[in-house]
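Undergrad: Pasting a predicted model and its sequence here:
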Amino acid sequence: MDDEKPITEQAMDTITSAVEATKDAAVTAVKQVRKAAKKVAKKVGPKKTSKKKAKKKAKKKAKTSSKKAAKKTAKKAGKTSAKKTAKKAVKKAGKKKKAKKAKR
């Protein structure tokens, strides 16, 4: 420290230099943290699939879902038709019995 400068000025110089040093340190720390965060995000985040693979997957999904839907509708149709035929058979049987009773 210079003896020619007043003490207050010397103190101000040291304070400003300290502030600048801490500012620089903070900036570099922030940069490093950002860089590290990007690396982690890259590792942890979902990987991008190529467009071709995505298209193939979408097509496959559409195919399987349509197959499933077709199966479901076929199953439902089979069930409902079976129920209807059973009901009709019961009704017919009931009518026949009534008719027989009337004939006696």
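TA: Done, it's in. Residues are numbered from 1 along each chain as shown.
Undergrad: Can you name the helix or strand that Glu4 falls in?
TA: Here Glu4 sits in a region with no helix or strand, counting by DSSP states H and E.
Undergrad: And for it, the neighbour number?
TA: 7 (other CB atoms under 10 Å). C-beta coordinates here come from the backbone N, C-alpha and C atoms, glycine included.
Undergrad: for Ile15, same thing?
TA: Ile15 has 10 neighbours, counted by other CB under 10 Å.
Undergrad: Let me know the distance separating it from Gln32.
TA: Going from Ile15 to Gln32 by CB to CB, to the nearest Å gives 26 Å.
Undergrad: Which stretches in the chain count as helices?
TA: 7-44, 51-103 (DSSP state H).
Undergrad: Show me the least confident stretch of those, going by mean pLDDT.
TA: Mean pLDDT is lowest for helix 51-103 among the helices of the chain, at a mean of 68.
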